[in-house]
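> Provided below for reference: sequence and predicted model.
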Amino acid sequence: MKKQMFKVVTGAVSLAVLLSACGSKGSESTSTASPAASAAATAKVEQLAPVELIWNFPLAAIPADIATVQEAINKITKAKINATVKLQPQAFADYTQKMNTTVAAGENYDIAWTSNWNFDYVTNQSKGAFLPLDDLITKYAPSVTKSMPGFVWDATKISGKIYGVPNYQTVTNKEGFIIQKKYADKYNLDVNSIKKVADIEPFLAKVKAGESKDVVPFLVDRNGRFNSMLRSNGLESIVNAGGANVIGVDLSNPDKVINFVDTPQFGKYLDLIKSWHDKGLINDNAATLKNKADIEKTGNAVVQFHNVLNPAGPASYKTANGGNDVIVVPITETWAGTGSIITTMQAISKTSKNPERAMMFINLLNTDKELYNTISYGVEGKHYTKVSDNVVKINKDAGYVPNASWVFGNTFNAFLVEGTDPNVVADTKKENETAKPSPLMGFKFVPAPVVAEIANIGTVVDQYNPGLVTGTVAASEKLKEFQEKLKQAGIDKVIAEVQKQLDEWKKTK
Amino acid sequence: MQTESNRMNWTGKMINLFFCILSLALLVPLVLVISISLTDEKSLLTHGYHLIPLQFSTKAYDIILDAPKALFRAYGVTIFVTLVGTFFGLLFTSLTAYTISRRDYRYRKMMTLYVFFTSLFSGGLVPFYILISQYLHLKDTIWALIVPYLLSPFFILIMKGFMDKLPFEIIESTKIDGANEWRIFFTMVIPLSVPALVTIGLFISFQYWNDWWLGLLFINNQKLIPLQLLLYRIMSTIEFLSNNISTVNVQFNLADFPSLSARMAMAVLAAGPMMVIFPMFQRFFISGLTVGAIKG
């Protein structure tokens, strides 16, 4: 017994020793990791002190073989800017939580991926998480400025300063229909006849009459499709609450902030969707369907309305539709807005000890094709093989398939993956350059003063919206109640706040 | 007499029937989960759930087992964390509980209040994160998964409640026989507290086994990812992307992920080992609860 007790005690003691050992080791490394590297500002590579950069970014799944890729990247960065990079990928769903704690704890890191839909750019900038980049860009990354159109940079500015370098990709939007080709052919759909949403109805009716019960003429989920039909209704959203765009401007008068639920456009949409619902043109589980893809991938959805149509789309829509060919019928012009640009960016942390080297690295990510393709596809011969000069075949079993090159940098520098349309790149570039910038380009609403109201609005939206926007409930029954409840939740206060910020932004322009 | 035994038979049959139905009610969902995990996603979406797969497919397992090395390593991490965590958790919990249950300990009330107080208020997420990562420097070490759960005020108080009932006379008489405090604790108190130890040990081990939160916060090193985090990540990412991706300007193909069947496959993989282990523990669990030092 004595022996046993001795074991337990030694166990406890050794754990304590171990813990304290970890502790001291940790503090050592933090104290040595603060070199005075900032002295070497514009110096040549040989004169730069070696540093390690920590880069946080999200991926769908964390690749098994990240170590090999990190090594390959460090070979390039070591030679070019005498820095090594520590890759810290997180899962998309965990990213906001993880980065929020990192930022709140004031932990040291150098570069973070940020966007308007995950680890929010504006919120975190207002918390002071990011460094302003204008000076760093002019000094250390001059070629990045030229690699993107001017309005892209305008979109990233917060009170006149740039806090994130966009990962340049497709920045344009178009709204329109995605229609399965085999049905369009079968029922002789004339795509030129479709100029607005309601024009699709005769085709939907034919599909309904001619196909089995499993086939859904028009696919709708619980958030409805009004959210995706803003542009075709001449609206632009600013505040989204509870999964619906509720506050924004009418593009015919972009200076005045309005409540979308009160607009005639919303009323008209509700009547249309209600009639489609009653005629059985939409899926009967619309009001409860959370994930549209669940029906989409069975290949049973004939027509869908989509708000982000771009040249790269058709290929991905085809796989999403269970491998069936689709045709794309846009019903709006091509345009670009703040939201379509700040969807993927790199920012530099205020806790970074080497911001200038971090900027040099971001510069390389956007201009150095070798580096960018290594982080996007891995090591040649191991993770991918070259089919031709600019086309690669991905080896799915090698343990590095991030499958999201838009997380890393300028996507126009990427190799094409075998099977993608080579015209897409040129088309995208052309659309980007000819797109019509939104009148609100660059305006970003800071929600902090009215967070509570927005949360309340979200609750109201979640209660009333699914029934209304899927046509399950008639507008005549519930719309008035919905509008009143929104007023009680404080929507007018939010509108006033948005108006105030918009007016201030207009003055600085 | 005859009627009576007939009636006995009849009630006996009813009781049997009741338990048959109860067992079915417990078993069917389990079978359903396994069956869904083995059904083709497309047939799930069009035809719904069935007890026998309409279209057999192992794609959900293929996706999760895509990197079997990572999965086995995660199993290893979780098993290690659960074993080590439960052992030290029990040791520290019982040591603390025993100390504050001793009637001759002067600061007993103060200490109990101190323990109780921490169960009412917590420092919040950020101070907790700073403590673990910047003061204790446990970030990216296996100890980050163990240390935070070592002592739970709730378990200490349950254990104290049990130890309060141990007659102080036993401890005193052992002392008179010449045993020192350690010896009293390990040869008298621990064996007498087996029922409480087993119960709390099971709670602690479940807590360690089911945890993904600590891993999410503190682990970047892919080699130290616990099992539940690995599985949770796949699920939450599918959910997150399907909610967001359609409205933002990025390319992502969600159709690749079989979300319904993958969810069930994950449940099978995560719960499987525990379902095997639990019946083995159960024997101790029941005997531990019924056989104590003093009844009543």
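Received it, and whenever you're ready, just let me know what you need.

> make it CA atoms for all contacts and neighbour counts henceforth
Noted.

> residue ranges for the strands of the stretch 101-250 of chain A, please.
A:111-114, A:157-158, A:161-162, A:165-166, A:176-180, A:216-218, A:235-241, A:244-250 (DSSP state E, counting those that start in this stretch).

> Just name the most buried of those.
Looking across the strands of the stretch 101-250 of chain A with neighbours counted as mean count of other C-alpha atoms under 10 Å in any protein chain shown, the highest average goes to strand A:165-166: a mean of 28.

> Could I get the average pLDDT for that one?
Model confidence over strand A:165-166 averages 94 on the pLDDT scale.

> Name the residues that touch it?
A:152, A:153, A:156, A:341, A:342, A:344, A:345, A:346, A:347, A:362, A:409 (C-alpha atoms under 8 Å, 6 or more residues apart in numbering or on different chains).

> before we move on, what about stretch A:222-237?
A:175, A:196, A:243-252, A:265-266, A:269, A:286-290, A:305-307, A:331-332, A:465-467, A:469-470, B:247.

> hang on, the earlier thing: of all the strands of the stretch 101-250 of chain A, which lies closest to residue A:480?
strand A:244-250 (15.1 Å; C-alpha to C-alpha).

> Next, the angle strand A:235-241 makes with the closest one.
Per axes from the mean of the first three to the mean of the last three C-alpha atoms, to 10 degrees, the angle that strand A:244-250 makes with strand A:235-241 is 140 degrees.

> Alpha carbons only: can I get strand A:244-250 in CSV?
Extracted in CSV, the C-alpha atoms of strand A:244-250 (Å, rounded to 0.1, in the frame of the first residue of the first chain):
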residue,chain,number,x,y,z
ALA,A,244,-32.7,38.6,-44.2
ASN,A,245,-31.7,41.9,-45.6
VAL,A,246,-33.9,44.4,-43.9
ILE,A,247,-32.3,47.8,-44.2
GLY,A,248,-30.6,49.4,-47.2
VAL,A,249,-31.2,51.9,-50.0
ASP,A,250,-33.3,52.2,-53.1
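
> Distance from the helix or strand following that strand to the middle of the chain?
Proceeding N to C from strand A:244-250, the next assigned helix or strand is strand A:253-259, under DSSP states H and E. Offset of strand A:253-259 from its chain centre (C-alpha atoms, centre = their mean, to the nearest Å): 25 Å.

> for strand A:253-259, what is the average pLDDT?
On average, strand A:253-259 scores 94.

> helices and strands around the next helix or strand after it, which ones?
Counting by DSSP H and E, the element after strand A:253-259 in chain order, helix or strand, is helix A:264-278. On a contact count with 3 or more C-alpha pairs under 8 Å, 6 or more residues apart in numbering or on different chains; DSSP states H and E, helix A:264-278 meets helix A:451-469, helix A:475-488.

> Single out the most deeply packed of those helices.
helix A:451-469 (a mean of 20).

> Render the CA-only coordinates of it in PDB, please.
Extracted in PDB, the C-alpha atoms of helix A:451-469 (Å, rounded to 0.1, in the frame of the first residue of the first chain):
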ATOM      1  CA  VAL A 451     -26.300  45.700 -31.700                       C
ATOM      2  CA  ALA A 452     -29.200  45.000 -29.300                       C
ATOM      3  CA  GLU A 453     -31.800  46.400 -31.700                       C
ATOM      4  CA  ILE A 454     -30.300  44.300 -34.600                       C
ATOM      5  CA  ALA A 455     -30.500  41.200 -32.500                       C
ATOM      6  CA  ASN A 456     -34.200  41.900 -31.600                       C
ATOM      7  CA  ILE A 457     -34.900  42.500 -35.300                       C
ATOM      8  CA  GLY A 458     -33.300  39.200 -36.000                       C
ATOM      9  CA  THR A 459     -35.600  37.400 -33.700                       C
ATOM     10  CA  VAL A 460     -38.700  39.000 -35.200                       C
ATOM     11  CA  VAL A 461     -37.400  38.200 -38.700                       C
ATOM     12  CA  ASP A 462     -36.900  34.600 -37.800                       C
ATOM     13  CA  GLN A 463     -40.400  34.400 -36.500                       C
ATOM     14  CA  TYR A 464     -42.300  36.100 -39.400                       C
ATOM     15  CA  ASN A 465     -40.000  35.900 -42.400                       C
ATOM     16  CA  PRO A 466     -39.900  32.200 -43.300                       C
ATOM     17  CA  GLY A 467     -43.700  32.000 -43.500                       C
ATOM     18  CA  LEU A 468     -44.100  35.100 -45.600                       C
ATOM     19  CA  VAL A 469     -41.200  34.900 -48.000                       C
END
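
> That one near chain B anywhere?
No - judged by C-alpha under 8 Å from any C-alpha of the partner chain, helix A:451-469 stays clear of chain B, getting no closer than 14.3 Å.

> ok, residues contacting that helix?
A:222-226, A:241-244, A:269-270, A:273, A:287-288, A:473-475, A:478-479, A:482, A:485-486, A:489-491, A:493-494.

> Going by neighbour count, which of the residues you listed are buried?
A:222-226, A:241-244, A:269-270, A:273, A:287, A:473-475, A:479, A:482, A:485-486, A:489-491, A:494 (16 or more other C-alpha atoms under 10 Å in any protein chain shown).

> neighbours of residue 197, just the number please.
In the absence of a named chain, this looks at chain A. Neighbour count of residue A:197, defined by other C-alpha atoms under 10 Å in any protein chain shown: 16.

> think we crossed wires, I meant chain B
22.

> Now do the contacts for it.
B:90, B:94, B:159.

> Who's the closest spatial neighbour of the last one, skipping the chain neighbours?
The shortest distance from residue B:159 to any residue other than its chain neighbours is 5.8 Å, reached at residue B:97 (C-alpha to C-alpha, 6 or more residues apart in numbering or on different chains).

> Equivalent analysis for the first one, please.
Closest residue to residue B:90 in three dimensions, ignoring its sequence neighbours and counting by C-alpha to C-alpha, 6+ apart: residue B:201, at 6.1 Å.

> Which secondary structure element is home to the one you found?
helix B:194-210.

> Please point out which parts of that helix sit buried.
Quick answer for helix B:194-210 (16+ other C-alpha under 10 Å): B:194-202, B:204-205, B:208-210.

> Flag the least confident of those.
residue B:195 (81).

> one step back: the strands of the stretch 101-250 of chain A into TSV, with extra columns for distance to residue B:22?
Output for the strands of the stretch 101-250 of chain A, formatted as TSV (distance: least, C-alpha to C-alpha, whole Å):
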stretch	distance to residue B:22
strand A:111-114	51
strand A:157-158	62
strand A:161-162	64
strand A:165-166	59
strand A:176-180	48
strand A:216-218	40
strand A:235-241	44
strand A:244-250	44
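
> does whatever helix or strand comes next after the helix holding residue B:201 come close to chain A?
Tracing the chain C-terminally past helix B:194-210 and defining elements by DSSP H and E, one meets helix B:213-218 next. Yes - residues of helix B:213-218 contacting chain A under C-alpha under 8 Å from any C-alpha: B:216, B:217.

> Show me what the helix or strand that helix B:213-218 is followed by is packed against.
Later in the chain than helix B:213-218, the nearest helix or strand by DSSP H and E is helix B:227-244. Here helix B:227-244 touches helix A:92-104, helix B:68-101, helix B:213-218, helix B:259-290, going by 3+ C-alpha pairs under 8 Å, 6+ apart.

> Turn the ones you listed into CSV, columns for mean pLDDT and mean neighbour count.
Shown next, in CSV, are the helices and strands packed on helix B:227-244 (pLDDT from 0 to 100; neighbours: other C-alpha atoms under 10 Å in any protein chain shown):
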stretch, mean pLDDT, mean neighbour count
helix A:92-104, 92, 19
helix B:68-101, 91, 20
helix B:213-218, 92, 20
helix B:259-290, 70, 16
